[in-house]
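# Below: sequence and its predicted model.
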Amino acid sequence: MAKVNIGITEKNRQAVAAALNQLLADEHILYNKTRSYHWNVEGPSFMELHKLFEKQYKILEESIDEIADMQGVKAQVAEITQRTMRGEIVFAESLRLRTALLEGLDEDALQRVYDERVRLSPGAEKMLQRMKSAGLKTMVISGGFTFFTDRVKARLALDYAAANRFEVSNGKLTGKVLGDIIGATGKGEVLKKVREELGLKREQVIAIGDGANDLKMMEEAGVSIAYHAKPVVQARATYALNHVGLDGVVNLFE
C-alpha cells in the first residue's frame, strides 16, 4: 500500500490541513491512524468491509447543552460534558448530573431545541446517502435522549436508534433518566446486540465516535473511526478524521 509520510508542525499545520482537505476531496485519501502520519491511497469497498454502519451521536451537535442553555445552566452542563469526554468521570454519573440540572424545564422546550438548534454535523447526509446506496444498515446510538434520536432516525430514514429517556411529569422534566442508562458499556451492548441480530461478523461493522464513552462501542466493530475526537479515542481508533466532515468517511472505502 502506498503511503506518504507528512511531518506536521504547529507552524505549517493550517497549510497542511488545507492541502489535505483538498486531497481528501480529489484523491480519496484518508488519514490512517497509526503512531505517525500516514495517508493511504487504497482501501476496501463498503460492501467488502461491512454491512452495518453504526453512527454515534456526533451526527448531531450537543443537543443536551442546547437544552441546558434554555434552562440557563449551559456552562455547568458543558463543563460536565467535557469532563466526561476526557474520561475523568463515568458517563452514567455525568448524564444524571446533567439531567438533574434540567429539572422543571417544559417538555415543549425539547421540540424548540430540535427545531431551532439541533443541526447535523457537516457531511452527515452525504455520507448516509452513500451508505444507503451501497445497501448498508445504519444506526445512531446516543448517550443523549430518544426525543432527539427518534426524530433524527425518521428524518434520515435510519434503520435503528437507541438512546436514553427523560422522565416527564405534568409536562415538565423531572431531572431524572428512565431505565438503564446507555453509556459506555450500554453503547457497546446495543451495537453487539444489533450486530448479532443481523448475523454479522465484527469485521462487517464500522463505528464512529468522539469521546471516551464511545470506546467500548468502537471495540465491537471491525473498523473504528475517531471523528474530531479526543486524544484517548484517536489513540485507539483504526482511523481518525480531524479536518473534514463526515463525508470524509466515504473516501475510506472507495
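Arrived safely, thanks for sending.

# So K176, which state does it fall into?
Using DSSP: H, G, I helix; E, B strand; the rest coil, the structure places K176 in strand.

# and it, how many neighbours?
Using other C-beta atoms under 10 Å, K176 has 15 other residues around it. C-beta: built from backbone N, CA, C; applies to glycine.

# Same question for I64.
I64: 26 neighbours (other C-beta under 10 Å).

# show me what contacts it?
The contact partners of I64, by C-beta atoms under 8 Å, 6 or more residues apart in numbering, come to V77, T81, R98, T99, G144, F145.

# Give me the buried stretch members for the strand or helix carrying V77, please.
Following DSSP states H and E, one finds V77 within helix 74-85. The neighbour-count check on helix 74-85 (16 or more other C-beta atoms under 10 Å) flags K74, V77, A78, I80, T81, T84, M85 as buried.

# give me the low-pLDDT residue ranges for the stretch 51-200 of the chain?
51-63 (pLDDT under 70).

# For it, just list every one of the strands.
Using DSSP state E, counting those that start in this stretch, the strands of the stretch 51-200 of the chain run over 52-56, 137-145, 160-169, 172-178.

# how about these in JSON lines, adding distance to T238?
Output for the strands of the stretch 51-200 of the chain, formatted as JSON lines (distance: least, C-beta to C-beta, whole Å):
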{"stretch": "strand 52-56", "distance to T238": "13"}
{"stretch": "strand 137-145", "distance to T238": "18"}
{"stretch": "strand 160-169", "distance to T238": "22"}
{"stretch": "strand 172-178", "distance to T238": "32"}
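
# Out of these, which is the most enclosed?
Mean neighbour count (mean count of other C-beta atoms under 10 Å) peaks for strand 52-56 among the strands of the stretch 51-200 of the chain, with a mean of 26.

# before we move on, the earlier item: and L105, which of the strands of the stretch 51-200 of the chain is closest to it?
L105 lies closest, by C-beta to C-beta, to one member of the strands of the stretch 51-200 of the chain: strand 172-178, at 4.7 Å.

# show me what contacts the residue lying closest to T84 once chain neighbours are set aside?
Nearest residue to T84, sequence neighbours excluded (C-beta to C-beta, 6 or more residues apart in numbering): S94, at 4.0 Å. If you count contacts by C-beta under 8 Å, 6+ apart, S94 has them with I80, T81, R83, T84.

# quick revisit: between the contacts of I64, which is nearest V177?
Looking across the contacts of I64 and measuring by C-beta to C-beta, the closest to V177 is T99, at 5.4 Å.

# can you list the domains in the chain?
1-42, 43-252 (automatic domain parsing).

# most tightly surrounded among those domains?
Using mean count of other C-beta under 10 Å, the stretch among those with the largest mean neighbour count is domain 43-252, at a mean of 19.

# so how far is D247 from the nearest residue to I181 once chain neighbours are set aside?
Spatial nearest neighbour of I181, excluding adjacent residues (C-beta to C-beta, 6+ apart): A92 at 4.5 Å. Using C-beta to C-beta, to the nearest Å, A92 is found at 33 Å from D247.

# Right, I'll leave it there.
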